[in-house]
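> would you be able to build a 3D model of this:
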Amino acid sequence: MNAATPHRPTVAPHRRPLPLRVGTRRSPLALVQTRFFLHLLSTFCPVLRGLDVFEEHAIDTTGDIVQDRRLADIGGKGLFAKEIHEALLDGRVDFAVHSLKDLETELPPGIVLACTLKREDARDTLILGPNCHPVDPADPFACLPAGATIGTSSVRRQAQLLHARPDLQVQSIRGNVQTRLNKLEAGECAATLLALAGLRRLGMADRASVILDPEAMVPSAGQGIVGITVRANDLALRDMLSAIESPEAKAVSTAERAMLAELDGSCRTPIGGHARLLPNGALHLTGLVARADGSFLLKRALHGHSDDAARIGAELGASLRADCPRDILA
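Down below sits the predicted model:
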């Protein structure tokens with residue numbers, strides 16, 4: 001991940017009270033993302049180099065604590081951010097690092113998304129157990145035995161998998177990347193699905209058995225992007241963070257999150273969104289809405305100028321909403 005060529009911040013961070021406190025989830029992946037972000041910020045803000053100016057605050061979130069139920073059953077959106085938002089608003093941390101796919105589209109009053117980092121690979125992967133073997137690149141799910149049990153807690157992944165292979169069984173598995181891999185190795189399921197971005201950041205990309213094309217398995221909106229939130233009135237920190245903003249990540253995440261906001265589905269609604277910039281500079285957005293059991297799936301795409309990312313996302317979201325059965329987005 002490399003940031004775009006930055007402008008230099010106009011407010012020197014050494015004029016702020018130090019250390020700067022960063023909030024993050026406690027999972028290994030979250031800590032890796034946080035430390036990469038701090039390294040990036042130090043690299044592009046020369047006044048921070050060589051100074052011990054950052055203090056990590058690992059925060060236990062509801063999404064991490066409750067592991068025995070689907071996220072949809074314990075409150076849904078924002079479960080990996082609620083306690084971090086609270087720490088930011090009450091001044092315990094100065095900024096926070098998030099996987100953007102876990103961040104709700106409407107943030108609490110007083111908090112803003114100040115920065116998005118360059119996107120890692122947004123694709124999903126299949127991690128196969130010993131009884132599964134890739135056989136046909138054109139049919140990535142053909143490697144799964146008939147009636148096999150697949151472990152995932154994502155209704156988005158479940159819906160697309162069952163739409164392609166209605167014979168499969170889905171079992172909910174929760175936990176961090178290593179926990180899920182351990183459950184696969186213990187034989188709790190025949191295969192599982194994980195984001196390639198997380199595997200790569202953890203140095204575990206070799207565990208991916210099959211990398212799924214984003215048209216075959218539409219990723220979650222924001223997948224592979226790290227987002228940084230701050231208090232809205234902290235103009236100095238917002239200016240500093242603008243030095244490492246990725247224009248491409250900002251454009252694609254704006255489109256995806258605008259589509260998600262327009263759909264406004266519940267946490268039980270399978271929704272996918274994936275935007276990419278084309279060689280000619282245009283933005284192409286694919287959106288998907290489905291039933292969790294795979295019996296209905298609607299997928300559409302829209303493209304236009306990247307400056308119109310928010311409009312493209314909202315327009316595609318409205319189109320999907322208009323042609324979905326009422327019960328799906330209720």
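> ranges for the strands of this protein?
In the chain, the strands defined using DSSP state E lie at 20-25, 54-59, 95-99, 111-116, 124-128, 149-151, 169-171, 191-195, 210-211, 226-231, 271-277, 282-290, 297-305.
> mean pLDDT per helix and strand in this protein: which one sits at the bottom?
Least confident helix or strand of the chain, by mean pLDDT, DSSP states H and E, is helix 62-65 with a mean of 66.
> related to what we said a few turns ago, would JSON lines of the strands of the chain with mean neighbour count and mean pLDDT be doable?
Heads up, the C-betas are built off the backbone N, CA and C, glycines and all. Listed next are those as JSON lines, based on neighbours: other C-beta atoms under 10 Å; pLDDT from 0 to 100:
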{"stretch": "strand 20-25", "mean neighbour count": "22", "mean pLDDT": "94"}
{"stretch": "strand 54-59", "mean neighbour count": "17", "mean pLDDT": "92"}
{"stretch": "strand 95-99", "mean neighbour count": "25", "mean pLDDT": "96"}
{"stretch": "strand 111-116", "mean neighbour count": "20", "mean pLDDT": "97"}
{"stretch": "strand 124-128", "mean neighbour count": "24", "mean pLDDT": "95"}
{"stretch": "strand 149-151", "mean neighbour count": "21", "mean pLDDT": "96"}
{"stretch": "strand 169-171", "mean neighbour count": "16", "mean pLDDT": "95"}
{"stretch": "strand 191-195", "mean neighbour count": "23", "mean pLDDT": "96"}
{"stretch": "strand 210-211", "mean neighbour count": "19", "mean pLDDT": "94"}
{"stretch": "strand 226-231", "mean neighbour count": "23", "mean pLDDT": "97"}
{"stretch": "strand 271-277", "mean neighbour count": "25", "mean pLDDT": "97"}
{"stretch": "strand 282-290", "mean neighbour count": "23", "mean pLDDT": "97"}
{"stretch": "strand 297-305", "mean neighbour count": "16", "mean pLDDT": "97"}
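> from Leu38, how far out is the residue positioned nearest the centre of the chain?
The residue at the geometric middle of the chain, judged as the C-alpha nearest the mean C-alpha position with C-alpha atoms, centre = their mean, is Lys101 (2.6 Å). In this structure, Lys101 lies at 21 Å from Leu38, with C-beta to C-beta, to the nearest Å as the measure.
> what sits closest to Gln158 if chain neighbours are left out?
Counting by C-beta to C-beta, 6 or more residues apart in numbering, the nearest residue to Gln158 once its immediate chain neighbours are dropped is Val170, at 4.8 Å.
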